[in-house]
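K.L.:
Let me see the structure of the following:
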Amino acid sequence: MSAPVLNAQQTPAAAVEGFSRSETVTLAWPMIMLSVFFVIPFGTMLAVSFFERVPGGFFEPGFTLDSYARFIDPFFFKSLGMTMMIAGSASLLCLILAVPFTWTLTRMRHHHRVLWLVALLSILSLSEVIIGFSWSLLLSRSTGIGNILVWLGIENRAPKLSPGLGAVLTGLCYLGFPYAVLVLFPQLSRLDPTLHEAARMLGASPRRAFMNVVLPNIAKALVAAFIMVFVFTLGAYLIPQLLGKPQQWTLPVLIADQALFQSNLPFAAAMSIFLLGVSLSLVVCVGWLGRSSQARIEDQSTTQSTTQSAAS
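P.N.:
Numbers count the residues shown, from 1 in each chain. You can find the predicted model right below:
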């Protein structure tokens, strides 16, 4: 009787030891790729952000905070505010368009649903260059949709819709809309349809049932979609440059301008570090809020269960 017990105790240890070796080998390649393509470039960019700029040249090794001191410049704050405004507006517009679209998509037949999802995935295969130049043509005065307005008699002369803030938001919404739909689709497809039907049977209008029943049940998906589109559009470079005026250029455009045309790599690296910090801080804050809300819900459930048990 003791021998089988000994073997049973040794077998899990051997299995755990073998699993740890295989786990190490499995994780080795991703860790190497992460170090080569993220940690080393990030460390290099962080080091360059503290280097001294040489007038008429690039930079020389040293340690100075001159690049970070330029963050208090009004021009930087104006560019940062424009970047946040454009990214936030594009994310909000994507949500406003994606929520009813995804809700309708989940109520379609399977065949039609698959066709729409394939169309959305095909948009993701397009690069930002193709999207930017395509919208610049569509919104131009010579070959754009303004000629359709003239043909319909709405306008006497074809308007020039690009460059401008509306053109930038249009391009960014086209770029981020598929991501918002793909984030919302799993949550809406798993939502019990009887909840909406019950609200309608109790006298709620379709709009009120959707606002008071459907949206609260997908609150986490809404926040996740907003953050994903916000972070994605925050780093957009070509669309603001192609479709926007210089006053509407975002931080990625200014970073490229400082690095390529102004030969100020330390300031470009400092702005890149700042932009990365904003993105990571936003993701961390949302994750913390999500865990806090989940813990609060679990505490409320535990309190209710305790109260019901005490009452019974």
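
K.L.:
count of residues packed around G164?
P.N.:
15 (other CB atoms under 10 Å). Quick note: C-beta positions are derived from backbone N, CA and C, even for glycine.

K.L.:
Touching, it and K245? I think so.
P.N.:
Yes: between G164 and K245 there is a contact at 6.6 Å, judged by CB atoms under 8 Å.

K.L.:
Okay, buried residues for stretch 251-261 please.
P.N.:
L251, P252, V253, L254, I255, A256, Q258, A259 (16 or more other CB atoms under 10 Å).

K.L.:
Closest one to L139 out of the residues you listed, please.
P.N.:
V253 (18.3 Å; CB to CB).

K.L.:
Report the rounded mean pLDDT for the one helix or strand that closest one maps to.
P.N.:
If you go by DSSP states H and E, V253 is part of helix 251-256. Helix 251-256 carries an average pLDDT of 88.

K.L.:
Now do it: everything it contacts.
P.N.:
79-80, 83, 235-237, 240-241, 268, 271-272, 274-275 (CB atoms under 8 Å, 6 or more residues apart in numbering).

K.L.:
At which residues are the strands of the stretch 1-150 of the chain located?
P.N.:
Remark: strands assigned in the stretch 1-150 of the chain by DSSP state E, counting those that start in this stretch are 52-53, 59-60.

K.L.:
The residue nearest the centre of the chain: helix or strand, and which one exactly?
P.N.:
Centroid check for the chain by CA atoms, centre = their mean gives M228 as the closest residue, at 2.1 Å. Element membership for M228 (DSSP H and E) is helix 219-234.

K.L.:
Now the element after that helix, going C-ward?
P.N.:
helix 238-243.

K.L.:
That following helix: how far from the chain's middle?
P.N.:
Centre-to-centre, helix 238-243 and its host chain are 18 Å apart (CA atoms, centre = their mean, to the nearest Å).
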